[in-house]
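Enquirer: Quick one, structure for this:
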Amino acid sequence: DSAEASPSVVFENIKRCSPDCLQMLLENISGLTEDTDFTVELIPEINVAVVTFIETIDTKEFVQKCSQDKRVQEFKMTARLLELTDTIKAENLPDSISADCLKVYFESARSGGGPVADVQLFPKDNSAIVTFCDHQGNT
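Expert: Residues are numbered from 1 along each chain as shown. Below is the predicted model of the structure:
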């Protein structure tokens, strides 16, 4: 079960915590260092940050620590595991990209990819929906 836990944690309601403050808070709770041990992707449009751990940790335990942390509570943030999925949306794609090229790109083991089951292109939006054969190929 723990082996199947997502390496990513979603922090919701981050608007009261600056990016620098969030970084320090995450380092304090995890004992790890940003860029070396984890990355943070801010999604201000929906008031969320996604923390992905490069270093293998028990993310369920980390979420539990966060829910008990005084500062996290003061900022009124919540933390939860990012759900595992077998589908991703690729955005800002070049006009000339083909489904075959995207399949090859996302199947690259070097990029953390895996076998691709399907690619749906949306040329008007310069985006695509990539469906993997299983959730382990979409890191």
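
Enquirer: Excluding residues flanking it in the chain, which one is nearest residue 52?
Expert: Among residues not flanking residue 52 along the chain, residue 8 sits closest, at 4.5 Å (CB to CB, 6 or more residues apart in numbering). C-beta here means a position set from N, CA and C on the backbone, and glycine is covered the same way.

Enquirer: Which residues are in contact with the one you found?
Expert: Neighbouring residues of residue 8 by CB atoms under 8 Å, 6 or more residues apart in numbering: 50, 51, 52, 53, 59, 81, 82.

Enquirer: burial measure for residue 23, as a count.
Expert: For residue 23, the count of nearby residues is 18 (other CB atoms under 10 Å).

Enquirer: Which residue is the nearest non-sequential neighbour of it?
Expert: residue 34 (5.1 Å).

Enquirer: what bridges to the one you found?
Expert: Beta-bridge pairing of residue 34 under DSSP bridges involves residue 38.

Enquirer: How much space separates it from residue 43?
Expert: Going from residue 34 to residue 43 by CB to CB, to the nearest Å gives 17 Å.

Enquirer: Would it be right to say that residue 25 lies in a strand?
Expert: No: remark: residue 25 does not belong to a strand; assigned using DSSP: H, G, I helix; E, B strand; the rest coil, it is helix.
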